[in-house]
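In: what would the 3D arrangement of this be:
(one chain, ligands or ions: 1)
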Amino acid sequence: MDNLLVRAQNLSKYFTDSSGVHKAVDGVSLNIHKGETLGVVGESGSGKTTLGRTIMRLYKPEHGQIWFDGKEITKLNDGKLRPYRREIQMIFQNPYESLSPRLTVGEILEEPLYIQKIGTKKERMDKALGMLEKVGLPRNSYQRKIHEFSGGQRQRIGIARALILEPKFVIADEPVSALDVSVQAQVLNLLKDLQAEMNLTCLFISHDLSVVHYMSDRVAVMYLGHLIELAPKEELYRNPIHPYTKSLLSSIPVPDPERRNPYWEPIILPEKPLYPPQLVHVGNEHYVSANMINIKDFEIESTKKQVSYI
Ligand SMILES: Nc1ncnc2c1ncn2[C@@H]1O[C@H](COP(=O)(O)OP(=O)(O)OP(=O)(O)O)[C@@H](O)[C@H]1O
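Out: Have a look, this model is predicted:
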């Protein structure tokens with residue numbers, strides 16, 4: 001489809017340590033349309049960061065496929081990934097950790113251009129100064145070092161660095177959760193403005209439901225490495241279907257993930273395997289996982305929605 005920028009199909013990423021194999025991302029399928037923001041919510045450890053990193057091929061997936069702008073990138077080696085590294089950028093949670101204290105802000109901003117061999121020294125400097133202006137920082141920030149800035153300003157520098165290559169796709173991983181609440185809204189508004197101005201497509205990861213609601217067009221819910229529900233934000237917040245989404249939205253304490261939710265019985269739909277989880281289509285744009293749904297909560301009849309496998 002023309003308007004698709006990112007497509008992930010049955011994507012899995014596992015980590016192995018002495019205690020065994022951890023399925024951080026397990027059979028996730030999703031599409032991200034050009035210009036949209038797809039929010040990803042879920043509690044700590046549900047696999048949000050791993051999903052983002054696997055989609056941008058910082059991790060090699062165990063299974064599944066990833067397409068970016070119509071091309072499959074699942075198995076590309078580092079050399080072949082280079083052009084995509086330019087088009088896919090990440091904004092990190094903690095600018096204190098992700099930006100080097102030894103470099104000047106100018107050097108921090110110009111580094112991605114230098115690595116990608118873009119422009120002359122003068123052109124790189126002009127671009128860096130232009131980005132400072134775009135993110136609302138004074139020109140003289142260029143010579144200064146990162147410790148001279150507040151948390152909100154540091155995140156503005158992080159955003160400038162991510163956007164200086166004019167990427168098509170940005171993964172923002174908890175971009176405001178390390179910031180004071182008072183500056184969170186400013187940074188979120190800056191991101192929104194830049195997204196519109198630069199026509200960016202965004203995967204926005206956060207455990208904060210109100211932040212995700214503010215930023216996203218559609219929202220995906222992760223639980224134990226699975227994508228369990230995905231819908232336009234108004235639909236998801238108004239009419240959550242999966243019991244886990246319901247409990248997230250209503251602040252009911254969520255069941256202990258280690259216990260694998262013993263009271264969520266799988267829904268049995270004939271002739272389909274229950275594992276890995278199947279996303280089923282409910283209504284037009286609402287998807288929900290079929291294998292962790294309690295049939296009583298699903299209320300297929302009462303919601304009068306068509307359910308079909310996708
Ligand atoms: N590099 C790694 N090596 C081993 N295990 C990892 C690694 N990265 C993540 N994991 C494990 O994978 C699971 C998912 O982690 P991930 O960071 O993706 O979750 P998350 O939803 O982003 O959580 P958080 O909000 O705490 O970052 C966790 O159990 C985590 O311990």
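In: can we go C-alpha only for contacts and neighbour counts from here?
Out: Will do.
In: residues in contact with Leu224?
Out: Taking C-alpha atoms under 8 Å, 6 or more residues apart in numbering, we find Leu224 in contact with 24-25, 45-47, 257.
In: restrict these to contacts with the ligand.
Out: Restricting the contacts of Leu224 to those near the ligand by C-alpha under 6 Å from any ligand atom leaves 24, 45-47.
In: just the ones in strands from the contacts of Leu224, please.
Out: When DSSP state E defines the strands, the subset of these inside them is 24-25.
In: mind giving me the ChimeraX select for the contacts of Leu224, buried ones only?
Out: Only the buried entries of the contacts of Leu224 go into this ChimeraX selection, using 16 or more other C-alpha atoms under 10 Å:
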select :24,25,46,47
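In: how about JSON lines for the contacts of Leu224, with pLDDT and distance to Leu76 added?
Out: Below are the contacts of Leu224 laid out as JSON lines (pLDDT from 0 to 100; distance: C-alpha to C-alpha, whole Å):
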{"residue": "Ala24", "pLDDT": "95", "distance to Leu76": "22"}
{"residue": "Val25", "pLDDT": "95", "distance to Leu76": "20"}
{"residue": "Gly45", "pLDDT": "89", "distance to Leu76": "27"}
{"residue": "Ser46", "pLDDT": "91", "distance to Leu76": "27"}
{"residue": "Gly47", "pLDDT": "95", "distance to Leu76": "23"}
{"residue": "Pro257", "pLDDT": "47", "distance to Leu76": "34"}
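In: which of the contacts of Leu224 sit farthest apart?
Out: For these, the maximum inter-member distance is 14.5 Å, found between Val25 and Pro257 (C-alpha to C-alpha).
In: ok, which stretches of the protein are helices?
Out: Along the chain, counting by DSSP state H, helices occupy 48-55, 78-87, 95-98, 105-115, 121-134, 151-163, 181-198, 209-215, 233-238, 243-250, 295-298, 300-303.
In: closest to Tyr287 out of these?
Out: Across the helices of the chain, closest to Tyr287 is helix 233-238 (C-alpha to C-alpha), at 9.8 Å.
In: ok, back up a step: with distance to Gln186 added, can I get the ones next to the ligand among the contacts of Leu224 in a markdown table?
Out: Formatted as a markdown table, the ones next to the ligand among the contacts of Leu224 follow (distance: C-alpha to C-alpha, whole Å):
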| residue | distance to Gln186 |
| --- | --- |
| Ala24 | 32 |
| Gly45 | 28 |
| Ser46 | 28 |
| Gly47 | 27 |
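In: pLDDT weak spots in this protein?
Out: 1, 251-277, 291-310 (pLDDT under 70).
In: what does it put close to the ligand?
Out: Counting by C-alpha under 6 Å from any ligand atom, the residues of the chain lying close to the ligand are 15, 24, 43-50.
In: what is the most widely separated pair among these?
Out: Phe15 and Glu43 (18.4 Å).
In: higher neighbour count, the two?
Out: Higher neighbour count among Phe15 and Glu43: Glu43, with 17 against 11, using other C-alpha atoms under 10 Å.
In: once you drop chain neighbours, what's closest to the more buried one?
Out: In space, and not counting its chain neighbours, Glu43 is closest to His207: 5.9 Å by C-alpha to C-alpha, 6 or more residues apart in numbering.
In: quick one: the one you found and Ser46 touch, right?
Out: No: judged on C-alpha atoms under 8 Å, His207 makes no contact with Ser46 at a distance of 9.9 Å.
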